[in-house]
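Asks: the following block contains a protein sequence and its predicted model.
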Amino acid sequence: MLIDFHCHTKATKKDESPLRNCSPDIFSSTLQKAGVGMAAITNHNFFEKLYFQSYEAACKAVSIVLLPGVELDVVLLEGPSQRGHCIVIANPNELDKFAQKMASLGLDNPSAADSFKITIADLVSILKDINCFLIVHYGGKAQAFQPDDINYLKRNMVGKAIFVEPSNLLSAFVYIAHGSPSLIGSDCLDWSKYPGENKQLPELKFPVSSFDTFLMLLRKNPTVIQTTLDHSKPPEIVSFTDETYHDLSLSIPLYNDINVIFGGKSTGKSIIVKDLSNYFHDHQKTTSFYAASDKDSDYENATTFNPSGEQRALAESPLLKDDFDFFSKEQTVNPPKIFDQLTEYSKTKNGDLRKRLGFVNSTTIFQSNPDEYEKTVQNLKTKITKLDSFHAADFERFISQADYLTLKDLLEKIKTGINSEYQARYIEHYSAIYANKGIQHFKEAFTKEKGLPTKPNSIGLLELYNHFKSCYIHSKAIFDGLNSSLIPDKKKIGNLDNKGDIFLKGEFGINPDLFKRGFRIASKKPLSVLRQAKQNVETMMNACYSPNCESCFSSLSSFFLDNAIDANSFFGSFSSLVNQSDLLIEPSNGEKSVLVLGSKLFDNKDVYLLDEPEMSVGHDYVNRVIITRLKELARKGKMVIVSTHDANIAVRTLPCCVIYRQETSSNTYNTFIGNPFIGILKDSVGTEISWRDKTLEILEGGEEAFDERTIDYGK
Amino acid sequence: MENEVVKTPFKAELVKNSLANEKSEQILTDFLILNLPDSKLSINLSSENQADLKNTYAALIAFCIKNPTPFEFVLEPISNQEDLGIFNVSKDFIEMLNDDIGTILVDISSNQKENKMK
């Protein structure tokens, strides 16, 4: 939730913009729209109880906690002409007391705002028994307090929180990093433009519903912080052991938020990330895992086109197993030795019994095509199934009973018609089969009985033709498949600053003649073998109706067998990286990291495990993309575990859990766990270390380097 | 008669060849010559060489693919063929050949309509 402890709802001074005047309803709805959950009214030298309560009621209606406050003109220590602005924010439970104090100073009358001033000593005195905290203008902000004034307040207002308010949030962060509590508010001049141009309000990591809780969090009360944290985001206690590091038998509270692991080199941070990845994998959570050390192989994977099963099936669909199977069997069709039999039969004289027995002279082979019969029958069966499913459907709800009965009657008639056709086909098919068998049996029986040959059934021409035809149909089917075009594919895999959107452009298919250098062949068969196979198929296809059919068949059959070629041998794919204009892209080392990390960060998973994501990507990317995305994931309730050496990531993401790894002596390690809100990290025996000190010491070269980072924060 | 099939007759000649073997013993061999417009296909009825027969069939099928117009063979016998005892063989063979060719031509025609063939 956002907080805004510097709101003006009334232009009390002559030089103030009237655009600051704002009704309770507009005030509350504007804050709600901006996502503010807690705010304070801090008009210049003016506070009046009833006035405040009207705004408080409007805010309460939209679940915003409104605190009473005022912005006072304070005479600074340097001299009567030096003024500083001090915001006082009081506990709403002591509203009456605060209102009385303000009235005693004449601040319940807005006309006195211009002339009011109070010395710093009087300020201390008047606020002595008021439960409040202060925010003073500081640094580049107008009417700023000087360090001496702040020190005076700290000395004389022990127990009260005192914040400085610089001109922007980034400066506030720098002050915080250097130990000066800092807060900024909108100080809005025009409510129609709230919170104001380039204004960014501070965000509380956890929702806070009262002044007291807010103060306790400010004072880093460990119990309150831990309770708030655990209540807001119950942690998952993850226990694991690792054999590489004997001390790695840990139970870590991991939050559905950001969890940071940091420490010196070679202290097992990467192993913890890996172990946690395995843990979540075993617990059926989807994970996105990134390790800078695996970047190259991850880049290869991310930029290699992996066609889906569906895509592969689509490409291979023209190649049918039946077509290949046809050539995998030894199939020789030779004309029968008919002439001896025919010669003997031809000597049949008039009066011979054979002249009178029609079946002896029959060469009629009833045509029956099993494939065609099966196809027809299947087609009819499908029609019947469709009709049955139509019956099962609940269609009578949509038409009248009479119409439904008519429809049902018609459907029954159709079904009867289909069954009749099925019967006719059945009879026709099996009649032919049995007639052929019958004639054959009769002929054999006659020859056996009479010792005389009968007229042969066939001279073999038709059989040879059918074989040629099968060869042609199967080889043409394979060749047409192998001659098909490649199928294109293109998907966005990331974005590079100076190159725009980057796409992985893929091509896949089964035509080996179109495979260029770099194509990946799924079956791992050499391209030359696949091309030769295609050529042999083409030769077969062209020789089908020629005397060479037999030799081509043998050659193709042997080639398929020797090289284990089947319908799954030909699939190949190719990929390249291109930009929006389809121009080839060759990313630099750092850009490769950006692409891989980007794909991992923006993948939709339950848990994100990142090992040194800052490596090779540059500070700008860390600040602009990584930190922004990690915060976004945390807001969505995703678990992020990040091992890092980068202060920006470790600090600015405000992790709920911090794990610090330390080498205590040679090959002996210690693990400290805590969070930055309490500021203390503890090991298993309760030894405490400061989160801030370790952060400054370990991350990116220590405090000196940390100071230099203000340049980056300024960006 | 829309379905009337017009058949073009081609000649099939029954030829008796004399081949001399190494011992100069004369052997009479019976050949059936199928006269196609672009070739002569011969079938040695006596030796019944399967490879020869297959090649002849293959050439015949190739011709049918190339010229899918219905045709039949009409046997033109040599003289006194009946005395040689082979006339009936040739006649029966030609009859069966014509049946098969008819079936093949119908199939080719229907397959060409379905675009399954060249």
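Replies: In hand now; what should we look at?
Asks: can we go C-alpha only for contacts and neighbour counts from here?
Replies: Fine.
Asks: contacts only, for residue A:160.
Replies: Counting by CA atoms under 8 Å, 6 or more residues apart in numbering or on different chains, residue A:160 makes contact with A:131, A:132, A:133, A:134, A:154.
Asks: can you pull out the strands in chain B?
Replies: Ranges of strands within chain B are B:8-20, B:26-36, B:39-44, B:71-76, based on DSSP state E.
Asks: nearest approach to chain A belongs to which of those?
Replies: The closest of the strands of chain B to chain A is strand B:39-44. By CA to the nearest CA, the value is 9.9 Å.
Asks: name the element the residue nearest to residue A:14 when sequence neighbours are not counted belongs to?
Replies: In space, and not counting its chain neighbours, residue A:14 is closest to residue A:114: 7.0 Å by CA to CA, 6 or more residues apart in numbering or on different chains. Of the helices and strands defined by DSSP states H and E, none includes residue A:114.
Asks: OK, contacts around residue A:114?
Replies: A:12, A:13, A:14, A:45.
Asks: then residue A:453?
Replies: By CA under 8 Å, 6+ apart, the residues touching residue A:453 are A:341, A:344, A:345, A:447.
Asks: let's verify the single nearest residue of the stretch 1-150 of chain A relative to chain B: helix, strand, or coil?
Replies: When you check the stretch 1-150 of chain A against chain B by CA to the nearest CA, the closest residue turns out to be residue A:33, at 69.3 Å. Using DSSP: H, G, I helix; E, B strand; the rest coil, the three-state assignment for residue A:33 comes out as helix.
Asks: same check on residue A:375?
Replies: helix.
Asks: quick one, longest helix in chain A?
Replies: Longest helix in chain A by number of residues, with DSSP state H as the criterion: helix A:401-450.
Asks: most neighbours out of the contacts of residue A:160, which is it?
Replies: Highest neighbour count within the contacts of residue A:160, by other CA atoms under 10 Å in any protein chain shown: residue A:132, with 23 neighbours.
Asks: that one contacts residue A:91, doesn't it?
Replies: Yes: Residue A:132 lies in contact with residue A:91 (CA atoms under 8 Å); the separation is 5.9 Å.
Asks: centre of the chain to the helix or strand harbouring residue A:534, how far?
Replies: In this structure, residue A:534 is located in helix A:527-543 according to DSSP H and E. Helix A:527-543 has its C-alpha centroid displaced from the chain centroid by 44 Å (CA atoms, centre = their mean, to the nearest Å).
Asks: check which helices and strands the helix or strand following that helix sits against.
Replies: For helix A:527-543, the following helix or strand on the C-terminal side (DSSP H and E) is helix A:549-562. Taking 3 or more CA pairs under 8 Å, 6 or more residues apart in numbering or on different chains; DSSP states H and E as contact, the helices and strands that helix A:549-562 lies on are helix A:321-328, helix A:527-543.
Asks: can you flag the weakest of those helices by average pLDDT?
Replies: When those are compared on average pLDDT, helix A:321-328 comes out lowest at a mean of 89.
Asks: how about the CA coordinates for it, as PDB?
Replies: Backbone C-alpha positions of helix A:321-328 (Å, rounded to 0.1, in the frame of the first residue of the first chain) are rendered in PDB as follows:
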ATOM      1  CA  LYS A 321       3.600 -46.000 -41.900                       C
ATOM      2  CA  ASP A 322       1.700 -48.200 -44.300                       C
ATOM      3  CA  ASP A 323       3.600 -46.700 -47.300                       C
ATOM      4  CA  PHE A 324       6.900 -47.500 -45.700                       C
ATOM      5  CA  ASP A 325       5.800 -50.900 -44.500                       C
ATOM      6  CA  PHE A 326       4.900 -51.800 -48.100                       C
ATOM      7  CA  PHE A 327       8.600 -51.500 -49.100                       C
ATOM      8  CA  SER A 328       9.900 -53.200 -46.000                       C
END
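Asks: ok, and what's touching it?
Replies: Helix A:321-328 is contacted from outside by A:474, A:475, A:477, A:478, A:553, A:556, A:557, A:558, A:560, A:561, A:566, A:567, using CA under 8 Å, 6+ apart.
Asks: nearest residue to residue B:109 in space, please, no chain neighbours.
Replies: Using CA to CA, 6+ apart and skipping the chain neighbours, the partner closest in space to residue B:109 is residue B:68 (6.8 Å).
Asks: was I right to think the one you found contacts residue B:111?
Replies: No: contact between residue B:68 and residue B:111 fails when scored by CA under 8 Å: they sit 11.1 Å apart.
Asks: please identify which of these two sits among more neighbours.
Replies: Shown here are residue B:68 and residue B:111; by other CA under 10 Å, residue B:68 has more neighbours (19 against 13).
Asks: any idea how far the more buried one is from chain A?
Replies: Using CA to the nearest CA, to the nearest Å, residue B:68 is found at 13 Å from chain A.
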